[in-house]
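Enquirer: could you work out the structure for the sequence below:
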Amino acid sequence: MQYELLEVSTVLIPGFEHQLRLELFEQLEFELPCLISFNLRNLVDKMFLTSKLLVLSVPAMLAFAKNDGFLWRINSKPHPAYLFGTIHVPYTKVWPSVPKRAKTAFHNSNRLYTEINALDHQQELNSCRFLPEGQYASQILPPQLYKKVKRRVNRVRRKLHTWLTYRQKRLVGGSKRLLEHLTGNWEQMHPAGIEYMLYSMKKRRLQSLDVPILDLYLTLQSRFRREVGGLETMDVICQSWKKMPIELAILQLKLTIRTPRKAHHAFVEDLIDNYNNGAINETISMKSVADLRSKIHITEKDSILLKELDYLYYENELKQRNEQWVAKIDDLLKNEHNHRYFFAFGIGHFFGEDNVVELLREVGYKVTRVTNKRTKFRHYKKS
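Expert: Residues are numbered from 1 along each chain as shown. Prediction:
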């Protein structure tokens, strides 16, 4: 499925936020919410990297001579607002390459809005990850697929303690506690919940659980400096899962399991390189995603379902969410306009049909991309 292909999400393990001790926030300025980072990372990133519609990987030859970054300016009154395109990967891999003007716009803002407010501890995914009472994955999944999932879960249970550093184990309260949050009652999970679980259990992701993704990094830097909000809530994700036909959720799970680890890792690294080079735009072909899918065994029946899955992804994860976000942004700029806004969300929402920029223009805003040329910022004193 498309979600598996673009695995770059980070949503903390549901429920972990409540158990984080205050001293972690004080001692680990940015890395602390490894839990929030991890759970919220897995979700947001996975949504970003899983569809061919996102077209996020490109040949190096398309990289810009200068990294113009992914910053757009909304000419709102009395203060301009900014849109910033992110990718949901550990911030250490991309933040050094973010152009100074984007960092300046962020520094000057006094309100930050990301896709989901990672600091809202009341938002959890547990409520929608599970099947109705009395139903089990073994009753829904094809026997062979169920066995493969079970083998993966058992492998992680055996290996997890060897993947984490002492510091990481301390942060999450021990590998057993992390395992319980990851795999607890997995046999009662919805196929989409299982797919999310497998995504969260990838070795490389677990080994970086104490490094926030870019979106979360911005949120953590804003904790004591600016107001933080979300363009949507976890409930939107839950509704998306509930709307998905069970056969498509199973297909998504199949594709996640079939995707070669090395191919997926190469895809993500290519995405990071292109982002750092400013080489992601609407003209980029979908060749890399097609290449990745070519490495996955897809039957004729699955290929038909895959088209339906891609369409559903476009309608629910891109078009519908973009429309909702634009309505939220419009409301903020009109009714709470005496603020300097910085909106940060996945770069995939900036390109293609029904993208956020075009939708804002349709509402009546002038939105321009901030490039290396003629970039002027007014520096505000912090009140």
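
Enquirer: return the residues in contact with Arg111.
Expert: By CB atoms under 8 Å, 6 or more residues apart in numbering, the residues touching Arg111 are 226-229, 332, 339-342. Quick note: C-beta positions are derived from backbone N, CA and C, even for glycine.

Enquirer: of these, which belong to strands?
Expert: 227-229, 341-342 (DSSP state E).

Enquirer: same for the longest helix belonging to the chain, what does it pack against?
Expert: Longest helix in the chain by number of residues (criterion: DSSP state H): helix 143-163. The helices and strands touching helix 143-163, judged by 3 or more CB pairs under 8 Å, 6 or more residues apart in numbering; DSSP states H and E, are helix 137-140, helix 175-183, helix 191-200, helix 203-207, helix 246-258.

Enquirer: average model confidence for that helix?
Expert: Taken as a whole, helix 143-163 carries a mean pLDDT of 93.

Enquirer: related to what we said a few turns ago, derive a ChimeraX selection command for the buried subset of the ones in strands among the contacts of Arg111.
Expert: Of the ones in strands among the contacts of Arg111, the buried ones go into a single ChimeraX selection, burial set by 16 or more other CB atoms under 10 Å:
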select :228,229,341,342
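
Enquirer: can you lay out the ones in strands among the contacts of Arg111 as CSV showing distance to Asp273 and pLDDT?
Expert: As requested, the ones in strands among the contacts of Arg111 are exported to CSV (distance: CB to CB, whole Å; pLDDT from 0 to 100):
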residue, distance to Asp273, pLDDT
Glu227, 34, 92
Val228, 30, 93
Gly229, 31, 93
Tyr341, 30, 97
Phe342, 25, 98
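
Enquirer: distance to Ala118 added to the ones in strands among the contacts of Arg111, as TSV?
Expert: Converted to TSV, the ones in strands among the contacts of Arg111 look like this (distance: CB to CB, whole Å):
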residue	distance to Ala118
Glu227	14
Val228	8
Gly229	11
Tyr341	18
Phe342	15
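
Enquirer: so where do the strands sit in this protein?
Expert: 71-74, 81-86, 111-116, 227-232, 341-346, 367-369.

Enquirer: picking up where we left off before, how far is the longest helix of the chain from where the chain is centred?
Expert: Offset of helix 143-163 from its chain centre (CA atoms, centre = their mean, to the nearest Å): 24 Å.

Enquirer: now do stretch 211-221
Expert: Worked out by CA atoms, centre = their mean, stretch 211-221 lies 12 Å from the chain centre.

Enquirer: who's in contact with the nearest residue to Ser76 once chain neighbours are set aside?
Expert: Closest residue to Ser76 apart from its sequence neighbours, by CB to CB, 6 or more residues apart in numbering: Leu333 at 4.7 Å. Listed by CB under 8 Å, 6+ apart, the contact set of Leu333 reads 74, 76, 81, 341, 365.

Enquirer: just Leu160 next, same as before
Expert: Residues near Leu160 by CB under 8 Å, 6+ apart: 175, 178-179, 206.

Enquirer: for the stretch 101-250 of the chain, give me the ranges with low pLDDT.
Expert: For the stretch 101-250 of the chain, the stretches with pLDDT under 70 are 121-127.

Enquirer: swap the cut-off to 80 and go again
Expert: Along the stretch 101-250 of the chain, segments meeting pLDDT under 80 span 118-128, 235-243.

Enquirer: that older thread, dump the contacts of Leu333 into JSON lines; add distance to Lys328 as well.
Expert: Below are those laid out as JSON lines (distance: CB to CB, whole Å):
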{"residue": "Ile74", "distance to Lys328": "13"}
{"residue": "Ser76", "distance to Lys328": "14"}
{"residue": "Ala81", "distance to Lys328": "12"}
{"residue": "Tyr341", "distance to Lys328": "11"}
{"residue": "Tyr365", "distance to Lys328": "13"}
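
Enquirer: show me which pair in those residues is furthest apart.
Expert: The most widely separated members of the contacts of Leu333, counting by CB to CB, are Tyr341 and Tyr365 (12.1 Å).

Enquirer: any common contacting residues for these two?
Expert: Common neighbours of Tyr341 and Tyr365 (criterion: CB under 8 Å, 6+ apart): 76, 333.

Enquirer: got a markdown table for the contacts of Arg111, with distance to Leu216 too?
Expert: Formatted as a markdown table, those follow (distance: CB to CB, whole Å):
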| residue | distance to Leu216 |
| --- | --- |
| Arg226 | 15 |
| Glu227 | 16 |
| Val228 | 11 |
| Gly229 | 14 |
| Leu332 | 21 |
| His339 | 22 |
| Arg340 | 21 |
| Tyr341 | 19 |
| Phe342 | 15 |
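
Enquirer: return the member of these nearest to Leu271.
Expert: Looking across the contacts of Arg111 and measuring by CB to CB, the closest to Leu271 is Phe342, at 22.9 Å.

Enquirer: could you find the closest non-adjacent residue to the closest one?
Expert: Phe342 sits nearest to Ser109 (CB to CB, 6+ apart), 3.7 Å away.

Enquirer: what's the neighbour count on that neighbour?
Expert: 25 (other CB atoms under 10 Å).

Enquirer: show me the contacts for it.
Expert: 82, 226, 340-342.

Enquirer: ramachandran coordinates for it?
Expert: phi -80, psi 160 (degrees, to the nearest 10).

Enquirer: hang on, the earlier thing: any idea which of the contacts of Leu333 the model trusts least?
Expert: Minimum pLDDT for these is recorded at Ser76 (92).

Enquirer: that one and Leu332, how far apart?
Expert: Separation of Ser76 from Leu332 (CB to CB, to the nearest Å): 9 Å.

Enquirer: before we move on, what about Ile272?
Expert: Counting by CB to CB - Ile272 and Leu332 are separated by 31 Å.

Enquirer: what of His265?
Expert: Distance, His265 to Leu332, by CB to CB: 38 Å.

Enquirer: before we move on, what about Thr165?
Expert: 41 Å.

Enquirer: so these two - more neighbours on which side?
Expert: Leu332 (19 against 10).

Enquirer: OK, contacts around the nearest residue in space to the more buried one that is not next to it in sequence?
Expert: Nearest residue to Leu332 in three dimensions, chain neighbours excluded: Tyr341, at 6.5 Å (CB to CB, 6+ apart). Residues near Tyr341 by CB under 8 Å, 6+ apart: 76, 79, 81-82, 109, 111-113, 329, 332-333.
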